Every structure is written in structure tokens, then in C-alpha cells.
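Asker: any chance you could fold what I've pasted below:
(one chain, ligands or ions: 1)
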Amino acid sequence: MHICPICDEGILQARTYGRDMQHKGVNISVEGLQYDYCLDCEAEMTSPVQLDQNAKIIREAFIAERARVKCEQNLLTGTQIRRVREQLGITQKQASKIFGGGPTAFAKYEAEDVVQSAGMDKLLRLASEVPAATEWLLDRAGEGINRVHMEHEALFAFQDLRAVASSMHKMKLPDWFAEDGNTKHGKFDLSSVACCNDGAYADAA
Ligand SMILES: [Zn+2]
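Answerer: Sure thing, here's the model as predicted:
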């Protein structure tokens, strides 16, 4: 039980409220925001812990709404972009170098802070589906990109991607998320996509 710091007498009661708001230009509706109410002097206040919790709730609502809008526009969500990047076995920094968009582009895409262009979206899907395209992009990026060891994780990432996509509210599954792992260009092939620091990309670090 907490005592009100303003009147030093009243008992603080935790309360919640909801609000329609705009966060980073996105309209969201949040519930469960917290504050304390003094039963004696009727003061309202928000503790640092509540502020953190409220920020987390707002952030989650923002990410969910932005992901929903991206799905509607048939754009990859931040989570899906991260999965594609992990499938390719490259860091965020390397991804920016390979695909463009500026040094922090992928950190922002994946955090839903920035929406990728339709062109970037297509490029990412192309790299995800066509190993030869990935290799071409890696060559174009100049210095050897030392991709991290992926192996089976790549397949799991791909399955997760479908699971995430399927669970999205009102989500229309893009054609390339075939249920059986087959894509328009044939079976999703781990051996060709997830090369592990071999060949041209060995010891570049
Ligand atoms: Zn009080």
C-alpha cells in the first residue's frame, strides 16, 4: 500500500485508462495505461514504473498497428524483414550496405520506425527467393560480406515468418509464403541460400 506523496495521508489506488492517440504519426487506441489516484486529496500521478509500463503498452500498440497497415499494403513487417535478413545470414549494417537505405535503415525497418519503400520491399523478397540475386547483390556490395552461420535456423526463420504472417489480424498472405515451402521459383533451398562463411565470403572479417 502506497501513501500519497502530495498529502502524505491518502492511500494511492492504481487505476487504468484507455486513450486514442497518435504515436509517430500512427493512430492507435491503447488500453490499460496506468496511474495512481489518491483517495484522500484526489491527486493523480504516474510513477516511473507506470511510465515505463505505459510506454511499453504504447510501443506495442504502435508496432501492431504499423504491422497491420504494412500487411494491408502487402509490405513486409519489421519482424518479417528481420527474418529475411537472418535467413540471408547478414547483419543490419551489412543489409544496409547491400540493399541501400542508409546505415541505420534496417534497424529502423525492423523496429517499425520507418516503412520501407515498395522498391526496397520487392528487392528484399527477390533476395529472399532467388539465391542468385542475393549473390549478385553481395558481389555488388563490394568488400566480402562474411555471413553468419545459419543452416537450419534459416528454415526455422522461414517457418516463423509464415507463422507470424498467418497470425496477423486481417493479414492476406503474400503468394510467396507458400504453405509447403515451395516458392514460385521452386523449393526453398537451404543449401544455396545459407552458405556459411564459405567460398568467396570466407575470412572477410
Ligand atoms: Zn493525496
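
Asker: so which residues on this structure come close to the ion?
Answerer: Contacts of the chain with the ion, taken as CB under 5 Å from the ion, map to 4, 6-7, 10, 38, 40-41, 43. Backbone N, C-alpha and C define where each C-beta goes, glycine included.

Asker: filter these down to the buried ones and hand me the ChimeraX line.
Answerer: The following ChimeraX line selects those of the residues of the chain next to the ion that are buried, judged by 16 or more other CB atoms under 10 Å:
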select :4,10,38
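
Asker: nearest to G119, of the residues of the chain next to the ion?
Answerer: Checking the residues of the chain next to the ion against G119 with CB to CB, the nearest one is A43 at 52.9 Å.

Asker: on the three-state scheme, the closest residue to that closest one other than its chain neighbours is what?
Answerer: Leaving aside its chain neighbours, A43 sits nearest to I6 (4.6 Å; criterion: CB to CB, 6 or more residues apart in numbering). Recorded secondary structure, I6: coil (DSSP: H, G, I helix; E, B strand; the rest coil).

Asker: also R15?
Answerer: strand.

Asker: contact partners for it?
Answerer: Taking CB atoms under 8 Å, 6 or more residues apart in numbering, we find R15 in contact with 34-37.

Asker: just the residues you listed: which are in strands?
Answerer: Residues of the contacts of R15 located in strands (DSSP state E): 34-37.

Asker: JSON lines for the residues you listed, including pLDDT, neighbour count and distance to R85?
Answerer: Converted to JSON lines, the ones in strands among the contacts of R15 look like this (pLDDT from 0 to 100; neighbours: other CB atoms under 10 Å; distance: CB to CB, whole Å):
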{"residue": "Q34", "pLDDT": "97", "neighbour count": "16", "distance to R85": "35"}
{"residue": "Y35", "pLDDT": "97", "neighbour count": "17", "distance to R85": "39"}
{"residue": "D36", "pLDDT": "97", "neighbour count": "18", "distance to R85": "42"}
{"residue": "Y37", "pLDDT": "97", "neighbour count": "16", "distance to R85": "45"}
